[in-house]
Every structure is written in C-alpha cells, then in structure tokens.
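[1] need a structure here:
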Amino acid sequence: MANYLVRVGLPDRPGALGAVASRIGAVGGDVASIDILQRDGGEVVDELGVVLASADLVGLLRDEILEVDGVTVEAVRSVEGPLPDRHAEILSFATDLFRQPDPDATLRYLAASAQRSLCGTFAAVLDAGGRALTVAGEPPGPAELAALAPEPGDPDGGVARARLARAGRTDPLAHAEARPSIVENEAVHRAIFLSECTGMRIHIVHLSAPGSAALIRRAKADGVPITCETNAHYLAVDLDDLARLGAFAKCAPAVRSRAEVESMWEYVADGTIDCLATDHCAFTADSKQPGEQDIFLAPNGLPEIQTNIPIFIDEGLRRGIPWARISEMTSLQPARIWGLAERKGSIRVGADADLVVIDPDAEWTVRGADLLHAQHWTQYEGRTVRSRIVRTLVRGTTVFDLAASDPIRVEPGFGSFVSPRSAA
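    Here you go, the predicted model:
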C-alpha cells in the first residue's frame with residue numbers, strides 16, 4: 001500500500017476536521033492520523049491527513065472529502081517509504097513536500113479525536129521539537145484526575161459501521177470488527193502521551209485489550225501518573241459468546257478473542273490493572289431485541305452489578321490469582337484511586353464497616369430470573385460459578401442476606417453518595 005499526505009482547507013467551524021476524518025474512513029482507507037497543524041495564534045497553515053490508501057482510491061478520496069461542506073482538497077502527494085513517526089518531523093517532511101514555509105513555527109497539536117476523548121478538558125501545546133509548552137484552556141493540576149474511556153475519536157464506530165454496512169455486515173461479530181483492539185490501543189497511547197505532556201493524572205476505564213494493558217505497564221514503569229480498571233466481562237466473555245448471544249453480549253469496547261481474554265489475566269496478576277469495576281448498564285431485554293436483526297441497532301452495555309465480583313473471583317481462582325489480589329482490586333485500590341481510602345476499602349478501626357461475606361466453596365448457576373436488578377437477563381446465563389456472596393454490610397448494617405426470605409434488608413435511600421471530600 002502507498003502512503004499519501006493529503007492537504008485540505010477547512011472551514012472555520014467546530015467538527016470540520018472530524019467530518020473529514022469520517023469521510024476518509026468511509027472510503028475504505030485505514031486512517032493513521034488526522035491532525036490539525038496551526039501556527040501559534042490560530043492561522044491555519046496545514047491540515048494534514050496521513051492516510052494509507054491504494055492509488056486507485058485517491059480520486060475517490062478527493063470526492064469523499066469534498067462532500068464535507070466548505071472543505072477543499074489542496075494537494076495529494078504520494079510518499080515512498082514510511083512516514084516519520086513524530087508530528088514535528090511530519091510537519092517538516094510535509095513542508096518540504098508541499099513547499100510550505102516556516103517549518104519551525106510553534107504548533108498547536110489539536111488532534112480532534114484526542115479532544116473528544118478527553119471531553120475537551122485540555123489539549124497539549126507543542127513546539128516543533130515535540131516539547132510541551134502550555135495547556136490550552138484551564139490547566140489541570142497533577143492532583144486532578146481525568147477518567148478516560150479507551151474509545152476512538154469516532155466513539156460510535158460510525159466510520160467502520162458504514163464500511164461494514166456496505167459489505168452487508170450486521171451480524172454480532174461486525175460489532176467487534178467495528179471496535180478492534182488497535183483502536184483502543186491507539187486511544188490509550190494518546191492518553192498516556194497527553195499525561196506525559198501535562199502531568200495530569202489519568203485513569204483508564206473499561207480496559208479490554210492486552211495491548212493497552214502493556215502500554216499502561218510501560219507507562220507506569222516510566223513514572224506516568226496512570227491507573228486503570230477492567231470489567232468482569234473482559235475477563236470472562238469472548239467473541240464466541242458474542243456470536244452466540246448477539247446483542248446480549250454487546251458492549252463498548254467490544255469483547256475480545258479468547259486469546260486476548262487470557263492475556264488480560266497476566267496484567268491482573270502483575271498489578272498493572274489496578275481495579276475491577278462493573279460498568280453496569282440497565283438495558284432491558286426488549287431494548288436489546290433489535291440487535292437480533294442488526295447488531296448495530298442494539299444499545300451497548302451489560303448488566304454486571306450482581307455478577308461482577310463472583311465471576312471475577314471464580315475466573316481468578318481458576319488461574320491462581322490470590323485472595324489478597326482479589327481484595328486489592330475490588331476494595332483497596334478503588335478507594336485509593338478515588339480518594340476514599342480514609343473511610344473505604346480496608347478493614348481497620350475508624351473506617352466504615354463496608355464488608356462482603358463470601359462463601360468460597362458455594363457453587364451456583366447464574367440465572368437471569370434469579371437476579372435482583374431490573375433486567376432479569378445476563379450474559380452469564382447457565383454458567384456455574386464457584387464462590388458466592390452471602391452477605392453484604394454497609395457502614396455496619398446488613399443490606400443483603402442471601403439466606404433471608406427477602407434478601408434486601410434495607411429500604412431504598414439507605415445508601416449515600418460518597419465523594420473524596422465527604423470521605424475525608
């Protein structure tokens with residue numbers, strides 16, 4: 001495949017760059033990056049889309065970009081050999097290629113997908129050597145925490161969905177193909193880069209890909225202030241389950257191959273993955289039903305609030321994960337990360353008596369009809385699990401007792417919202 005640099009002129013309106021990226025992706029080329037390169041002060045110098053495409057797609061590429069109102073294609077250049085890795089090097093390379101002046105101008109790197117992933121919180125400002133100069137907007141302090149989902153700049157998978165739709169793909173596995181691991185890996189890599197530039201502490205949620213976990217392990221070793229969490233379904237549910245269950249195993253990020261699921265446990269064992277979360281979604285069975293005909297019509301999300309810890313314990317013990325690590329991921333580390341450790345996450349004098357009593361030898365079969373949340377369906381239907389929660393206490397009060405005729409022992413409203421400030 002040939003490499004192409006495409007220089008386009010963009011209208012001065014929000015979202016124009018993302019629209020161009022979507023149109024490029026719809027052609028069928030794999031988008032390596034879509035960057036805005038600006039002079040400090042806001043005057044647009046270049047907008048460079050680095051695109052992998054075959055020569056016969058160049059004409060179509062022009063047509064697709066021009067479908068975005070107000071966009072002009074100023075030049076397309078083929079490139080022999082690999083493109084430079086660093087953005088500053090790409091600028092210099094492209095400046096020569098397009099014969100633009102002033103390659104050493106201070107740049108604002110605004111990668112639009114990064115802005116969306118970070119909810120517009122900050123954008124790193126770089127000089128031509130790639131060094132961080134300032135932070136656009138309100139500068140976040142190192143003690144602040146941004147929680148980032150490892151999703152692409154096209155968070156609904158629309159570009160990939162359009163390509164799959166043209167191929168007639170609406171089957172369950174098309175969902176996973178629309179959200180491949182490499183997209184998560186890129187998003188996590190970008191978040192790590194921005195954390196390095198700004199010093200902002202970041203927390204990655206919904207981690208599903210071992211490649212992303214490997215990036216996080218390396219970043220931690222390099223001193224990047226990063227933590228992460230995963231969910232039980234990324235440690236227990238795989239593509240075979242997605243093919244079998246369809247919309248009832250559809251979540252975002254998508255579940256992965258069995259090999260990737262097994263690899264994730266390496267990062268549980270070595271401490272790279274800090275904690276377990278549920279990402280519980282209360283979608284009804286009726287809302288999932290349209291996915292039987294077209295997987296993209298079903299909402300993303302799975303119920304996990306009642307099965308999360310038992311599934312994690314069962315799968316973890318099978319792989320030799322010690323109880324201390326299980327406790328750390330489900331109690332201590334979440335409390336530490338979210339600033340609640342003064343009252344939560346450990347058994348000690350002065351802390352809240354929040355306790356979960358588990359029978360490690362109890363075997364039971366997961367049935368949606370038996371679950372206490374509103375959905376009464378589960379991706380684990382019929383699975384035999386060893387270890388069961390038999391009692392739960394919150395602030396010393398029993399709120400759940402499996403042996404009772406009515407296992408819920410308190411009235412709605414007993415719980416209270418806990419923030420780092422209230423927990424101090």
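[2] what is the burial count for Leu297?
    When neighbours are counted by other C-beta atoms under 10 Å, Leu297 registers 14. Placement of C-beta: from N, CA and C, glycine included.
[3] likewise the one 4 residues further on?
    The number of residues packed around Gly301, counting by other C-beta under 10 Å, is 16.
[4] same question for Ala324.
    9.
[5] show me the domain layout of the protein.
    The chain is divided into the following domains under automatic domain parsing: 2-135, 145-423.
[6] among those, where is the model least confident on average?
    Per-segment mean pLDDT for those reaches its minimum on domain 2-135, at a mean of 43.
[7] the stretch 201-350 of the chain: helices as residue ranges?
    For the stretch 201-350 of the chain, applying DSSP state H, counting those that start in this stretch gives helices covering 210-221, 233-236, 239-245, 258-269, 285-288, 308-318, 323-327, 333-337.
[8] how about TSV for those, with distance to Glu196 added?
    Listed next are the helices of the stretch 201-350 of the chain as TSV, based on distance: least, C-beta to C-beta, whole Å:
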stretch	distance to Glu196
helix 210-221	8
helix 233-236	26
helix 239-245	33
helix 258-269	20
helix 285-288	40
helix 308-318	31
helix 323-327	28
helix 333-337	19
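[9] how about these, which one is nearest Glu177?
    Among these, the nearest to Glu177 by C-beta to C-beta is helix 239-245 (9.9 Å).
[10] which residues are contacting that closest one?
    The contact list for helix 239-245 (C-beta atoms under 8 Å, 6 or more residues apart in numbering) reads 171-173, 175-176, 249-250, 254-258, 379.
[11] among those residues, give me the pair with the biggest separation.
    Within the contacts of helix 239-245, Asp171 and Arg258 form the most distant pair, 18.6 Å apart (C-beta to C-beta).
[12] so where do the strands sit in this structure?
    Under the criterion DSSP state E, the chain contains strands at 2-9, 30-39, 44-53, 72-79, 107-109, 124-126, 132-135, 145-148, 201-207, 226-231, 275-277, 355-365, 384-394, 397-401.
[13] what's the angle from the last one to strand 355-365?
    Taking axes from the mean of the first three to the mean of the last three C-alpha atoms, to 10 degrees, one finds that strand 397-401 is oriented at 0 degrees with respect to strand 355-365.
[14] residues contacting Ser195?
    Arg201, Ile202, Ala219, Val224, Pro225, Ile226.
[15] tell me the contacts of the last one?
    Contacts for Ile226 (C-beta under 8 Å, 6+ apart) come out as Ala191, Ile192, Ser195, Arg201, Ile202, His203, Ile204, Ile216, Ala219, Lys220.
[16] with distance to Ala232 added, can I get these in CSV?
    Shown next, in CSV, are the contacts of Ile226 (distance: C-beta to C-beta, whole Å):
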residue, distance to Ala232
Ala191, 23
Ile192, 25
Ser195, 27
Arg201, 25
Ile202, 23
His203, 18
Ile204, 17
Ile216, 19
Ala219, 24
Lys220, 23
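[17] next, count neighbours for the residue nearest to Arg383 when sequence neighbours are not counted.
    Nearest residue to Arg383 in three dimensions, chain neighbours excluded: Val366, at 5.0 Å (C-beta to C-beta, 6 or more residues apart in numbering). When neighbours are counted by other C-beta under 10 Å, Val366 registers 18.
[18] what does Pro407 give?
    Around Pro407 there are 15 residues (other C-beta under 10 Å).
[19] tell me how far it lies from His376.
    Using C-beta to C-beta, to the nearest Å, Pro407 is found at 15 Å from His376.
[20] got it, and Cys281?
    Relative to His376, and taking C-beta to C-beta, Cys281 is found at 14 Å.
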